[in-house]
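> below is the sequence, then the predicted model.
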Amino acid sequence: MSYTPAEVSFLMDHHEEIVSLDLALTKASRLKDAEVLKEKFGDFGRAVMELVTARNSGKLPHNWLMDADSAQQATPIGVAAYRMSFLAEQGVHTVHDLTCSIGTEGYNCPFDYFGSDLDESRVRMARYNLSSSKIFRADALTTTTTADVLLADPARRAGGRRITRPGDLVPPLPEVVDKHRGKELAIKCAPGLDFSEWDGLVIVASVDGGVKEACLYTPGLGTGRNAVMIRGEKIDVLDDQETNLPEAGDIGSYLIDPDGAIVRAGLVRHYAAREGLHQIDPRIAYLTGERIPEGTSAFPFIEKVPLKRLKSVLKSYDAGSLEILVRGVEVDPDQLRKKMKLKGKKPFAVIITRIGSQGIALLCQPRVSSSEDNYAT
């Protein structure tokens, strides 16, 4: 639940008291914590509870003002930092964030950052979080600006569901482009958005293996498709410039499930070419080869198993636990695990997928991480 402007002012004025609070913040303690805050802060207790809970997520700087929705919707700090670094490399000197919310994109921005938002409470929080006066209330579709690049993040959900069509975003992506025609744009979207018709650059970003967003850049900022994978301090960027792409082939020593950013960006074969791998089927994203790419994990391959024989094969291997991956086949992993009725002692993994027209189970040893023994530099 968002704050009123009065609640934002209260949270600012009582920053030190709030920081010094000692609350359990567990599911079991939630009612007791709320009672403590109600007694201490009166009608503002709800806002304080929302703030300390949102801060407890650890996604954003611990001293920022935020509510549950803005914290959940916020761009990860690492993704925002990469974007600003990328724009700086393109010669950008000023960015106007048309939907700035609480200011995540402006955190540690290396050049001039201006922000605007329709929500007055979020504007106040952004000013506080960034210690900036360059943030104001405005509609993303009517703002005029002289900034080098306009950044926008249209709402990606409606009625509790993810939006997959550009015209259904709020505001609609075509309308954002039309209203600011002639300006360079960077538009953040859900990674599942159909961006096949976008003429400019699309960068799909993931953090620790979880896909976070696709950002669409107008052609003046670049073209093509990139995948950006952020793991801790390391950033791996994959582009679509490779032309010598491998064909699908036989299964090798390892099976690799590429980072979701690679899959969403349509760069599976490009990644395979870079890492000396190939697909097990031209329509399926699983890769295989004789090495595990540095900084990733994979499954040592054992054998192909017809789906109808999987239960008996697992029993013969004394399987007791099972990691299940599914792609290209309608199988529910939880139901399959129950159906297997595992009673053994050894851990295994199984990839349920399709090779050609045949659904197949690929039995593997448990997931292993790359090391000097299984990747080549």
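Okay, I see it.

> which secondary structure element is home to Phe86?
Following DSSP states H and E, one finds Phe86 within helix 77-89.

> who's in contact with that helix?
59-61, 75, 95, 104-105, 107-111, 149, 151, 186, 203, 205, 207, 212-213, 215, 221, 228, 230, 235 (C-beta atoms under 8 Å, 6 or more residues apart in numbering). Using the backbone N, CA and C atoms, a C-beta is placed for each residue, glycine as well.

> after it, which helix or strand is next?
That would be, after helix 77-89 and using DSSP H and E, strand 94-97.

> mean confidence score for that next one?
Strand 94-97 carries an average pLDDT of 97.

> for it, name the packing helices and strands.
strand 112-117, strand 149-152 (3 or more C-beta pairs under 8 Å, 6 or more residues apart in numbering; DSSP states H and E).

> where does the stretch 151-300 of the chain dip in pLDDT?
Low-confidence segments of the stretch 151-300 of the chain, defined by pLDDT under 70: 157-161, 164.

> all strands of it, in order?
Using DSSP state E, counting those that start in this stretch, the strands assigned to the stretch 151-300 of the chain run over residues 157-158, 161-162, 184-189, 201-207, 210-217, 224-231, 234-238, 254-256, 278-279, 287-289, 297-306.

> now distance to Tyr271 and mean neighbour count too, for these, in JSON lines please.
Below are these laid out as JSON lines (distance: least, C-beta to C-beta, whole Å; neighbours: other C-beta atoms under 10 Å):
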{"stretch": "strand 157-158", "distance to Tyr271": "29", "mean neighbour count": "12"}
{"stretch": "strand 161-162", "distance to Tyr271": "25", "mean neighbour count": "10"}
{"stretch": "strand 184-189", "distance to Tyr271": "22", "mean neighbour count": "23"}
{"stretch": "strand 201-207", "distance to Tyr271": "12", "mean neighbour count": "25"}
{"stretch": "strand 210-217", "distance to Tyr271": "14", "mean neighbour count": "22"}
{"stretch": "strand 224-231", "distance to Tyr271": "8", "mean neighbour count": "21"}
{"stretch": "strand 234-238", "distance to Tyr271": "6", "mean neighbour count": "16"}
{"stretch": "strand 254-256", "distance to Tyr271": "9", "mean neighbour count": "24"}
{"stretch": "strand 278-279", "distance to Tyr271": "10", "mean neighbour count": "20"}
{"stretch": "strand 287-289", "distance to Tyr271": "7", "mean neighbour count": "22"}
{"stretch": "strand 297-306", "distance to Tyr271": "13", "mean neighbour count": "17"}
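
> now the closest residue to His62 other than its chain neighbours: phi and psi?
Counting by C-beta to C-beta, 6 or more residues apart in numbering, His62 lies nearest to Arg55, which is 5.7 Å off, once chain neighbours are set aside. Note on Arg55: its backbone torsions stand at phi -60, psi -30 [degrees, to the nearest 10].

> tell me how many other residues surround Arg55.
20 (other C-beta atoms under 10 Å).

> now do the contacts for it.
62, 64, 66, 71.

> got the contact list for Val48?
By C-beta under 8 Å, 6+ apart, the neighbours of Val48 are 11, 14, 18, 21, 37, 40-41.

> just flag the most distant two among those residues.
Leu11 and Lys40 (13.5 Å; C-beta to C-beta).

> just the ones in strands from the contacts of Arg55, please.
Using DSSP state E, no member of the contacts of Arg55 falls in strands.

> just the buried ones out of those residues, please.
Taking 16 or more other C-beta atoms under 10 Å as the criterion, what is buried in the contacts of Arg55 is 64, 66, 71.

> now render these as CSV, adding pLDDT and distance to Pro333.
Below are those laid out as CSV (pLDDT from 0 to 100; distance: C-beta to C-beta, whole Å):
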residue, pLDDT, distance to Pro333
Trp64, 97, 37
Met66, 97, 34
Ala71, 92, 30
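
> how is this structure divided into domains?
The chain breaks down by automatic domain parsing into domains covering 5-56, 77-235, 254-369.

> quick one: closest of those domains to Glu242.
Per C-beta to C-beta, nearest to Glu242 of the domains of the chain: domain 254-369, 4.8 Å.

> measure the spatially most central residue of the chain to Phe195 for me?
Residue closest to the average C-alpha location in the chain (C-alpha atoms, centre = their mean): Lys212, at 1.4 Å. For Lys212, the distance to Phe195 equals 15 Å [C-beta to C-beta, to the nearest Å].
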